[in-house]
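> One predicted model, sequence on top.
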Amino acid sequence: MPISSPLRVLVVDDTAVYRKIVADVIAGISGAEVVGSAHNGRAALMKIASLRPDLVTLDIEMPDMNGIDVLQELKQKHTDVGVIMLSSLTHEGGEMTMRALELGAFDFVPKPQGRSMAENTAAVKNALAPMLAAFRRQRQIARRLARGKNSAPFVRAQKRPAAAGRLAAVRPTMKRSSSAIVAIGISTGGPNALARMMPQLPAKMGVPLLIVQHMPPVFTASLAKSLNAKCAIRVKEAENGEPLLPDTAYIAPGGRQMKVAASADGIRRMIRVTDDPPENSCRPSADYLFRSVAHHYVGRATGVIMTGMGADGLLGLKLMKRNGAVVIAQDAASCVVYGMPKGPVECGIVDVVAPLGRIAAEIVKTVKPSFPKSGDRMQSVG
């Protein structure tokens with residue numbers, strides 16, 4: 001796909017109204033065009049073969065041949081076409097969406113449930129427009145990497161002139177001990193990345209993990225269930241008021257915020273799930289979580305920033321870094337979208353930049369006393 005050519009999109013849905021909504025949205029997005037539509041999975045496969053689109057928007061629940069069946073066919077044929085799922089806000093839809101992401105879908109858009117065509121169209125546009133832009137950028141990056149250009153896993157942060165106080169604002173102010181908590185922020189490409197990374201974590205981590213994955217309600221429960229079946233540690237959707245336990249990963253509920261708070265005794269730590277406003281247009285937000293970790297685990301926390309669109313997590317990681325945390329970032333080459341890790345790497349607050357396959361090992365190092373103190377030279381892990 002040359003940079004100047006539009007993104008060619010095939011729209012697949014068994015409901016005519018959703019085909020129209022998605023097609024109208026794509027038609028209004030600069031740099032994208034609808035090349036066709038299909039009403040079921042079998043018709044979609046035929047049109048993919050003949051039209052050769054760059055991207056397919058794919059309804060997950062269709063009669064005869066559903067979206068999962070289509071994805072499996074595409075995977076077997078090693079087709080280069082990208083896929084964005086349209087998923088229903090149901091328990092079954094959530095579980096099918098997790099399976100679709102594991103099979104390689106780029107991301108998903110929840111089917112809107114507004115009262116009017118205009119309301120539903122606006123909801124799809126708000127979700128789909130940035131997703132198409134991210135897909136286009138990442139496809140171009142992947143093709144440059146495949147040609148051998150910019151093949152380094154990361155660009156080392158450079159010391160550069162900055163506004164007064166910027167570097168001082170993120171310089172750690174105390175020595176650290178081994179981490180007592182791990183906080184992870186992740187978005188586009190996250191479910192698949194977590195499904196690859198988290199099973200590598202040992203059963204006896206000795207610390208809790210808190211995860212913000214940008215997702216709407218329903219889907220985070222399905223994600224937690226899927227990961228729990230794969231991991232040695234326990235994985236669950238977080239509940240308000242529950243204590244933080246070691247060897248347990250807590251996923252922020254979709255559509256709500258999650259933070260660390262002090263228990264009544266002032267010693268133990270617990271989870272607070274709130275309806276506080278979105279941050280960076282995100283609820284749950286990584287910044288919201290990271291700030292609370294920075295305040296409650298001074299000098300003994302690990303912050304991890306992974307694949308995803310946007311800049312959520314940057315400000316929270318700066319505060320964690322200032323309070324003595326170790327910061328780990330996923331490298332550009334292994335990200336589905338190199339957005340969330342990019343800012344922390346470029347502003348120099350990251351200790352380790354690692355490919356997806358090495359992130360678990362780097363996390364484990366930080367919960368052991370042998371890990372270098374925060375502020376040591378940033379490392380590249382290949």
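Received it, and whenever you're ready, just let me know what you need.
> CA-only coordinates of the one helix or strand residue 194 maps to in CSV, if you can.
Using DSSP states H and E, residue 194 sits within helix 190-197. Provided in CSV are the C-alpha atoms of helix 190-197 (Å, rounded to 0.1, in the frame of the first residue of the first chain):
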residue,chain,number,x,y,z
GLY,A,190,-3.3,-5.5,23.8
PRO,A,191,-5.3,-8.7,24.2
ASN,A,192,-3.1,-10.7,21.9
ALA,A,193,0.1,-9.2,23.4
LEU,A,194,-1.1,-10.0,26.9
ALA,A,195,-2.0,-13.5,25.8
ARG,A,196,1.6,-14.0,24.6
MET,A,197,3.4,-12.2,27.5
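> Walk me through the domains of the protein.
Using automatic domain parsing, the domain parsing of the chain gives 7-146, 166-370.
> From residue 243, how far out is the most far-flung residue of the chain relative to its centre?
Residue farthest from the centre of the chain, counting by C-alpha atoms, centre = their mean, is residue 265 at 34.6 Å. Computed as C-beta to C-beta, to the nearest Å, the residue 265 to residue 243 distance reads 11 Å. C-beta here means a position set from N, CA and C on the backbone, and glycine is covered the same way.
> Quick check: buried residues in the next helix or strand after the helix holding residue 194?
Next in sequence after helix 190-197, counting helices and strands by DSSP H and E, comes strand 209-213. Residues of strand 209-213 classed as buried by neighbour count (16 or more other C-beta atoms under 10 Å): 209, 210, 211, 212, 213.
> quick one: strands adjacent to strand 209-213?
strand 182-186 (parallel), strand 248-251 (parallel) (DSSP bridges).
> Point out the most buried one among those.
Most buried of the strands paired with strand 209-213 by mean neighbour count (mean count of other C-beta atoms under 10 Å) is strand 182-186; its value is a mean of 28.
> Compute the inter-axis angle for that one and helix 190-197.
Counting by axes from the mean of the first three to the mean of the last three C-alpha atoms, to 10 degrees, strand 182-186 lies at 140 degrees to helix 190-197.
> tell me how far strand 182-186 is from the chain's mean position?
Between the centre of strand 182-186 and the centre of its chain there are 10 Å (C-alpha atoms, centre = their mean, to the nearest Å).
> related to what we said a few turns ago, how much space is there between the residue farthest from the centre of the chain and residue 78?
57 Å.
> what stretches of the stretch 201-350 of the chain score poorly on pLDDT?
Nowhere does the stretch 201-350 of the chain drop to pLDDT under 70.
> all strands of it, in order?
Along the stretch 201-350 of the chain, the stretches classed as strands by DSSP state E, counting those that start in this stretch are 209-213, 234-237, 248-251, 257-262, 269-274, 302-305, 326-330.
> Same check on the stretch 1-150 of the chain?
Using DSSP E, counting those that start in this stretch, strands in the stretch 1-150 of the chain cover 7-12, 32-38, 55-59, 82-87, 107-110.
> got those strands as JSON lines, with distance to residue 197, mean pLDDT and mean neighbour count columns?
Below are these laid out as JSON lines (distance: least, C-beta to C-beta, whole Å; pLDDT from 0 to 100; neighbours: other C-beta atoms under 10 Å):
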{"stretch": "strand 7-12", "distance to residue 197": "29", "mean pLDDT": "96", "mean neighbour count": "24"}
{"stretch": "strand 32-38", "distance to residue 197": "31", "mean pLDDT": "95", "mean neighbour count": "19"}
{"stretch": "strand 55-59", "distance to residue 197": "26", "mean pLDDT": "95", "mean neighbour count": "27"}
{"stretch": "strand 82-87", "distance to residue 197": "22", "mean pLDDT": "93", "mean neighbour count": "25"}
{"stretch": "strand 107-110", "distance to residue 197": "18", "mean pLDDT": "91", "mean neighbour count": "24"}
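> Dump these to CSV, plus distance to residue 251.
Compiled in CSV, these are given as follows (distance: least, C-beta to C-beta, whole Å):
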stretch, distance to residue 251
strand 7-12, 29
strand 32-38, 32
strand 55-59, 25
strand 82-87, 17
strand 107-110, 16
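> Out of the ones you listed, which gets nearest to residue 358?
Residue 358 lies closest to strand 107-110 among the strands of the stretch 1-150 of the chain, at 23.9 Å (C-beta to C-beta).
> what comes into contact with that closest one?
57, 60, 84-89, 97, 100-101, 124, 127-128, 131, 135, 188-189, 216, 219, 336 (C-beta atoms under 8 Å, 6 or more residues apart in numbering).
> In PDB, please show the C-alpha coordinates belonging to that strand.
Taking Å, rounded to 0.1, in the frame of the first residue of the first chain, the C-alpha atoms of strand 107-110 are listed here in PDB:
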ATOM      1  CA  ASP A 107      -8.900  -4.300  16.900                       C
ATOM      2  CA  PHE A 108     -12.600  -4.200  17.400                       C
ATOM      3  CA  VAL A 109     -15.500  -1.700  17.400                       C
ATOM      4  CA  PRO A 110     -18.500  -2.300  19.700                       C
END
